[in-house]
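>>> prediction below, plus the sequence it came from.
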Amino acid sequence: MAREIRINAFDMNCIGHIQQGLWTHPRDQSTRYTDIHYWTRLAQKLEAGLFDGIFFADVLGAYDVYGGNTDATLKGAVQLPVNDPSLLIPAMAAATRHLGFGVTCNLTYEPPFSFARRMSTLDHLSGGRIGWNIVTGYLDSAARATGLTGQMAHDDRYDLADEYMSLVYKLWEGCWEDGAVVNDRAHRIYADPAKVHRVHHDGRQYKVDALHLSEPSPQRTPILYQAGASTRGRQFAAMHAECVFVNGQSMSGVRAIVDDIRGLAVKQGRQASDLSVFLGATVITGKTEAEAREKFEDYKQYVDIEAALAHASASMGIDFAKYEMDEPIQTGQSQAIVSNVEAMTRTAGPTWTKRKLIDQLVLGSRQAPLVGSAEQVADTLIAWTEQADVDGFNLSRTVTPECFEDFIDLVVPILQERGAYKTAYREGVYREKLFGHAHLPDTHQAARYRAHA
């Protein structure tokens, strides 16, 4: 029996997400991102295709590293303009029954007390279908936008995040006991005061003395996503994450990352199966390989290399506008996405150039597209699960919504025939669908903060 493959749509509440320039394709509809009906219809299409969820990326800053300004970013709509993804979720949830929603929220700039209430609210309104992609940020522009002079050092941001997590766990798991809500009209008691506990937190970064304002939501703690692949990021994922988002070009390289994170989780007292790993993937498919190749060549005509360099400059913390095509890149000590710099160095060698980077931007990003017939795509996805031990894929959009429609119409039926994709949703909240239980297991860090503990 083949392993059941998990699938998320990977999107962002903006025009140009990962594959820079494809918004200019005549069939692309991403400029409709301000229309709520665009999003509700997308949610319904994904649910019809039995997608596990939609994973929303987000940033709080502008990509201003390339050339020291935002000119290329604005011209190419490189994640600017970008709207708040969390506000889409209630409408999309109302239009669906099963689709999960993973939303990126940057804890560095979010007060934990108010953030915890917002997540609980979304979990209530979605019927237990909310997930949180935990990020610490990588843009100096975001730090400056929120009143700081610059962002913290990379590893220090994870130290901050560890304390942040302990605080939100106290609010979600430890404040309201099970059974605290009695809803007794006759005796005029909605909640039992003896079962609601103040959270007292006096830490290095945060001080809170309060009650969590929301009653327990269906999941209490949202599904926890995390996408850090650096050494420090893996340690954080092993301790906190349930779903880990990784990128990589080779199966062996991804397998090494997956084995490391699962091994670290086991050392934390967790089970290796407590983590589901999602690989970033870009799929271009057709009824035949020739049809898929023709579509790929069509898409390539709309790639915006300048926009792609603006995106890469911000994510790596390197101004590529300063370099000639064959001049060696000085990576230095980046405070941006360290794993992106490490991945480029592994791919192109310790001395790499802007030309080598551009050679990888075949579709406006460094994520090499998987191009082939539906059968070939299905073969490759199954091979990834077997050889790299990944559980599923975050499908990055190309020309939207046709990229998701193609996958649903062509690839999903083949995966189902091979027993590698569900034919119906399981009942229950998001965590039940993914892991079989509604709340975090007792092996998770959060369990120590529960009221009964």
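Yep, that arrived. Residues are numbered from 1 along each chain as shown.

>>> His439 - nearest residue in space that isn't next to it in sequence?
Distances taken as C-beta to C-beta, 6 or more residues apart in numbering place Arg220 nearest to His439, at 5.7 Å, with adjacent residues excluded. In this view, the C-beta of every residue, glycine as well, is placed from N, C-alpha and C.

>>> the one you found: neighbouring residues, count only.
25 (other C-beta atoms under 10 Å).

>>> ok, the one 10 residues further on next?
When neighbours are counted by other C-beta under 10 Å, Ser230 registers 17.

>>> how far away is it from Gln79?
Taking C-beta to C-beta, to the nearest Å as the measure, Ser230 and Gln79 are separated by 21 Å.

>>> cool, and Thr73?
Taken as C-beta to C-beta, the span from Thr73 to Gln79 is 8 Å.

>>> overlap in contacts of these two?
Counting by C-beta atoms under 8 Å, 6 or more residues apart in numbering, the contacts common to Thr73 and Gln79 are Tyr63.

>>> from what I can see Leu361 touches Ala312, true?
Yes - look at Leu361 against Ala312 with C-beta atoms under 8 Å: they come within range, at 7.5 Å.

>>> more neighbours: these two, which one.
When neighbours are counted by other C-beta under 10 Å, Leu361 and Ala312 differ, and Ala312 comes out ahead with 25 against 21.

>>> what sits up against the helix or strand hosting that one?
Assigned by DSSP states H and E, Ala312 belongs to helix 305-316. Identification of contacts with helix 305-316 by C-beta under 8 Å, 6+ apart yields 16, 18, 20-21, 63-67, 72-73, 75-79, 138-139, 318-321, 331, 334, 336-337, 340-341, 344, 354, 357-358, 361, 364-366.

>>> can you give me the strands for the stretch 151-300 of the chain?
181-184, 189-191, 199-202, 207-210, 223-226, 243-246, 276-281, 283-286 (DSSP state E, counting those that start in this stretch).

>>> got those as CSV, with mean pLDDT columns?
As requested, those are exported to CSV (pLDDT from 0 to 100):
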stretch, mean pLDDT
strand 181-184, 97
strand 189-191, 98
strand 199-202, 96
strand 207-210, 96
strand 223-226, 97
strand 243-246, 96
strand 276-281, 97
strand 283-286, 98
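
>>> and of those, who's closest to Val429?
Checking the strands of the stretch 151-300 of the chain against Val429 by C-beta to C-beta gives strand 223-226 as the closest, at 8.9 Å.

>>> which strands and helices lie in contact with that closest one?
strand 100-106, strand 130-135, helix 231-240, strand 243-246, helix 430-435 (3 or more C-beta pairs under 8 Å, 6 or more residues apart in numbering; DSSP states H and E).

>>> what are the ranges of the strands in the stretch 301-450 of the chain?
Counting by DSSP E, counting those that start in this stretch, the stretch 301-450 of the chain has strands at residues 370-373, 392-396.

>>> hang on, the earlier thing: confidence-wise, which of the helices and strands packed on strand 223-226 is weakest overall?
The weakest mean pLDDT among these belongs to helix 231-240, with a mean of 92.

>>> just the buried residues of it, please?
Neighbour-count burial for helix 231-240, with 16 or more other C-beta atoms under 10 Å as criterion, is recorded at 232-240.

>>> ok, those vs Ala256, which is closest?
Out of the buried residues of helix 231-240, the member with the shortest distance to Ala256 (by C-beta to C-beta) is Arg234, at 10.7 Å.
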